[in-house]
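Q: Any chance you can model this:
(one chain, ligands or ions: 1)
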Amino acid sequence: MKSRILIIGACGQIGTELTLALSKRFGKDKVVASDIREGDEAMMQSAHFEILDATDLQAVEDIIFRYKVETVYLMAAMLSAIAERFPAKAWDLNMNSLFHVLNLAKDKKIKKVFWPSSIAVFGETTPAQNTPQTTVMEPSTVYGISKQTGERWCEYYHKKYGVDVRSIRYPGLISYTTEPGGGTTDYAVDIYHRALKHGQYRCFLKEGTILPMMYMDDAIKATIAIMDAPSKNIKIRSSYNLAAVSYAPEDVTASIQKHIPNFEISYEPDFRQSIADTWPESIDDSEARRDWGWSHSFGLEEITKTMLDNLKDRYT
Ligand code: AKB
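A: Sure thing, here's the model as predicted:
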């Protein structure tokens, strides 16, 4: 039966958990995990695994053909902070991998595509509170520009060629299994590791920097829900706003101090501050809630408890 799922970028922060969730749901044989680097033991146990460069069209097409893939989750991307250091490489990875997958869908070699967008599509001129689905979007980072451009292409391929592509604008994601790599919201994960290991954290964003965040389980739930929804319910083919909680570094600190009273934070903002300053503080995700039944479960206190409970054994 031609019904396998391919995850491109399966070893990344979202890809790791998405692979496990899809494998649990559909069975190991139905899931093909791929990445530019080798997966860990858990990944190898839960899916077929292939080394794959997302920018190599021939290699992507070969795997799709060989495994009879119908659905692709394209999770490979260079995130906001690292993309500022390697603009050309980031553009190449973030855009060309998307074009390859959209073209394969246009040519009917696959049926369905998931592609992640981000709150990075917004910029300085966007209303920062309760940012609407449709609003001014003038991103000022390489990553944000690539995500906004990608959104336009997704909508274009849907309207022009009927491609069934679905997308979410993820906020900062918090998880304990895989650490994020090269984002502006990474502090919100690092802080838990440092709290347990050293009892203190030097934050690269300053006090008062409120950003939208989400626990990974909620993000995976949303990803699976938007892909499960009947096509007619997906009214937005660029990318859906998605929200759970919004907080600043001092809020996470206070919530960690409920478990580790001596935990201390200090602030040493770097270039990532100027990225965070252009992003929204909170997001209006009413379209996602209305169109495909999105709702989140984890607030900041649940996130902190889950992170500390699951990481503590690593540092004791
Ligand atoms: C980043 O910080 O670059 C990402 C994102 C918000 O897309 N976590």
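
Q: separation between whichever residue of the stretch 101-250 of the chain sits closest to the ligand and residue 276?
A: Here the stretch 101-250 of the chain gets closest to the ligand at one residue, residue 183, 2.7 Å apart by CB to the nearest ligand atom. Bear in mind the C-beta positions are built from the backbone N, C-alpha and C, glycine included. Noted for residue 183: a distance of 10 Å to residue 276, by CB to CB, to the nearest Å.

Q: Enumerate the residues of the stretch 151-300 of the chain near the ligand.
A: With the criterion set to CB under 6 Å from any ligand atom, the stretch 151-300 of the chain comes near the ligand through 170, 172, 183, 184, 185.

Q: Which of those has the largest number of neighbours?
A: Ranked by neighbour count (other CB atoms under 10 Å), those have residue 184 at the top, with 30 neighbours.

Q: Correct me if wrong: it contacts residue 272.
A: Yes: using CB atoms under 8 Å, residue 184 is in contact with residue 272, at 4.7 Å.

Q: which ones are touching residue 193?
A: 179, 311, 315 (CB atoms under 8 Å, 6 or more residues apart in numbering).

Q: ditto for residue 152
A: Residue 152 sits next to residue 238 when contact means CB under 8 Å, 6+ apart.

Q: Quick check: what element follows the strand or helix carrying it along the chain?
A: Here residue 152, judged by DSSP states H and E, is contained in helix 142-161. Downstream of helix 142-161, the next assigned helix or strand under DSSP H and E is strand 164-170.

Q: what pLDDT, on average, does that next one get?
A: The pLDDT scores in strand 164-170 average 98.

Q: Return the distance of it from the chain's centre.
A: 10 Å (CA atoms, centre = their mean, to the nearest Å).

Q: And the residue lying closest to residue 280 once chain neighbours are set aside, how close does it get to residue 65?
A: Leaving aside its chain neighbours, residue 280 sits nearest to residue 131 (4.0 Å; criterion: CB to CB, 6 or more residues apart in numbering). According to CB to CB, residue 131 stands 41 Å off from residue 65.

Q: ok, of the residues of the stretch 151-300 of the chain next to the ligand, which one's closest to residue 302?
A: Nearest to residue 302 among these, counting by CB to CB, is residue 172 at 15.8 Å.

Q: does the closest one really touch residue 213, like I thought?
A: Yes: assessed by CB under 8 Å, residue 172 is found in contact with residue 213 at 4.5 Å.

Q: what do these two both touch?
A: 185, 188.

Q: Please compute how far stretch 180-188 lies from its chain's middle.
A: On CA atoms, centre = their mean, the centre of stretch 180-188 falls 11 Å from that of its chain.

Q: one step back: so between residue 131 and residue 65, which is more surrounded?
A: residue 131 (24 against 11).

Q: quick one, the helix holding residue 152 and strand 164-170 angle?
A: Interaxial angle, helix 142-161 versus strand 164-170 (axes from the mean of the first three to the mean of the last three CA atoms, to 10 degrees): 160 degrees.

Q: Can you list the buried residues in helix 142-161?
A: By neighbour count with 16 or more other CB atoms under 10 Å, helix 142-161 contains the buried residues 142-151, 153-155, 157-158.

Q: ok, now stretch 198-211?
A: Quick answer for stretch 198-211 (16+ other CB under 10 Å): 201, 203, 204, 205, 209, 210, 211.

Q: Tell me the pLDDT of the closest residue to the third one other than its chain neighbours.
A: Counting by CB to CB, 6+ apart, the nearest residue to residue 204 once its immediate chain neighbours are dropped is residue 270, at 4.8 Å. The pLDDT attached to residue 270 in the predicted structure is 97.

Q: my guess is residue 183 meets residue 83, correct?
A: No: Residue 183 is beyond contact range of residue 83, at 9.5 Å (criterion: CB under 8 Å).

Q: centre of the chain versus the helix holding residue 152, how much separation?
A: What separates the centre of helix 142-161 from the centre of its chain is 16 Å, taken as CA atoms, centre = their mean.

Q: low pLDDT regions in this protein?
A: 1-2 (pLDDT under 70).

Q: for it, what spans make up the helices?
A: Under the criterion DSSP state H, helices of the chain are mapped to 13-26, 41-46, 57-67, 80-85, 87-91, 97-106, 142-161, 187-197, 216-228, 249-257, 271-276, 286-292, 300-311.

Q: Could you count how many residues lie near the closest residue to residue 208 other than its chain neighbours?
A: Nearest residue to residue 208, sequence neighbours excluded (CB to CB, 6+ apart): residue 248, at 5.5 Å. Neighbours of residue 248 under the rule other CB under 10 Å: 19.

Q: so who does residue 248 touch?
A: By CB under 8 Å, 6+ apart, residue 248 lies in contact with 207, 208, 209, 210, 211.
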